[in-house]
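**Student:** sequence and predicted structure below; questions after.
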Amino acid sequence: MALLRRQPQSIGAPRARNDAALAWLLLAGLTLACGHGAVRAERSFAGIYTCVDDKGRLLTADRPIAQCSDREQRVLNSDGSIKRVVPPTLTAEERAQREAQERKEFEEKAAYSDAVRRDRNLKSRYPNEAAHNRARESALESVRASMRASAQRIKELETERKPLQDEADFYRGRQLPPRLKQQLDANETSVAAQRELMLTQESELLRVNRIYDMELEHLRKLWKGAPPGSISLVSAPLPQSEPR
């Protein structure tokens, strides 16, 4: 009899446990669904736009306020805290000014980067003044060699002209033969071209020396510790030849 009375309890206990587990699962699912709903609601909340217009009225909306396009607008969270600040909408003239300013800043940064790179390359190429002097002499020697070649060519042309001039003296007071006149004219033109070339080469000597003078002054500052890009280097213009 005792065994028969215990049997219903042993059968009912598992059912009670199953019912409790089912109730717990239902409660957990409901809680999870509520949580997802809150997240979706939070994500869908874009913010509240608020501003004070030119008449002193406080305006609010769920999107940017047209009446406040010329001033800042605050975007609030659902709890009233500031989410972000929207700057005023720029006019066409203001946008052009901002773009010009941004373009200027970009160009200045690019110029600074170029100056830093140039100075680093300059110091790498010329670690000391002796290296810079060697480079100067090499550049000058190239120009001097061209000047020597021009001077030599002028001497050759003068030598070629002597027999032509002697022959022309024979026709003094008379018209020169066309062939002789053509040879004399060609010789004179060639000499004039070589002399003009030598003037250009002399100007080139001055220009090269000026470039290396300014470069040396710039390098001395870098060698003393000036940061790359902190000093300017102006290119030397081609000097005009002195009147003779």
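**Tutor:** Structure's in. What do you need?
**Student:** hang on, R84 in a helix?
**Tutor:** No. Assessed with DSSP: H, G, I helix; E, B strand; the rest coil, R84 is strand; it does not lie in a helix.
**Student:** and this protein, what are its domains?
**Tutor:** Listed by automatic domain parsing, the domain ranges of the chain are 46-89, 126-223.
**Student:** would you quantify the distance from L140 to N209?
**Tutor:** 7 Å (Cβ to Cβ, to the nearest Å). Where C-beta positions appear, they are placed from N, C-alpha and C, glycine not excepted.
**Student:** host element of the residue nearest the centre of the chain?
**Tutor:** Nearest to the mean C-alpha position of the chain, counting by Cα atoms, centre = their mean, stands A110 at 2.6 Å. Using DSSP states H and E, A110 maps to helix 92-125.
**Student:** can you pull out the helices in this structure?
**Tutor:** Assigned by DSSP state H, the chain shows helices spanning 2-44, 92-125, 129-170, 178-223.
**Student:** and among those helices, the most buried is which?
**Tutor:** helix 178-223 (a mean of 15; mean count of other Cβ atoms under 10 Å).
**Student:** next, the angle helix 129-170 makes with that one.
**Tutor:** Counting by axes from the mean of the first three to the mean of the last three Cα atoms, to 10 degrees, helix 178-223 lies at 170 degrees to helix 129-170.
**Student:** which stretches of the chain aren't confidently modelled?
**Tutor:** Counting by pLDDT under 70, the chain has low-confidence residues at 1-45, 233-244.
**Student:** one more pass at 80, please.
**Tutor:** 1-46, 232-244 (pLDDT under 80).
**Student:** just list the residues touching R63, thanks.
**Tutor:** Taking Cβ atoms under 8 Å, 6 or more residues apart in numbering, we find R63 in contact with A46, Y49.
**Student:** just how off-centre is the helix holding A110 within its chain?
**Tutor:** Chain-centre distance of helix 92-125: 5 Å, with Cα atoms, centre = their mean, to the nearest Å.
**Student:** same check on stretch 155-163?
**Tutor:** For stretch 155-163, the distance to the chain centre is 57 Å (Cα atoms, centre = their mean).
**Student:** and stretch 196-215, by the same measure?
**Tutor:** 31 Å.
**Student:** do stretch 130-142 as well
**Tutor:** 32 Å.
**Student:** identify all contacting residues around that stretch.
**Tutor:** Residues contacting stretch 130-142 (Cβ under 8 Å, 6+ apart): R125, Y126, L205, V208, N209, Y212, E215, L216, L219.
**Student:** try 10 Å this time
**Tutor:** Residues outside stretch 130-142 that contact it (Cβ atoms under 10 Å, 6 or more residues apart in numbering) are 122, 125-126, 144, 204-205, 208-209, 211-213, 215-216, 219-220, 223.
**Student:** then stretch 108-117?
**Tutor:** P227, P228, G229, S230, I231, S232, L233.
**Student:** now with 6 Å?
**Tutor:** Under the contact criterion Cβ atoms under 6 Å, 6 or more residues apart in numbering, stretch 108-117 has outside partners P228, G229.
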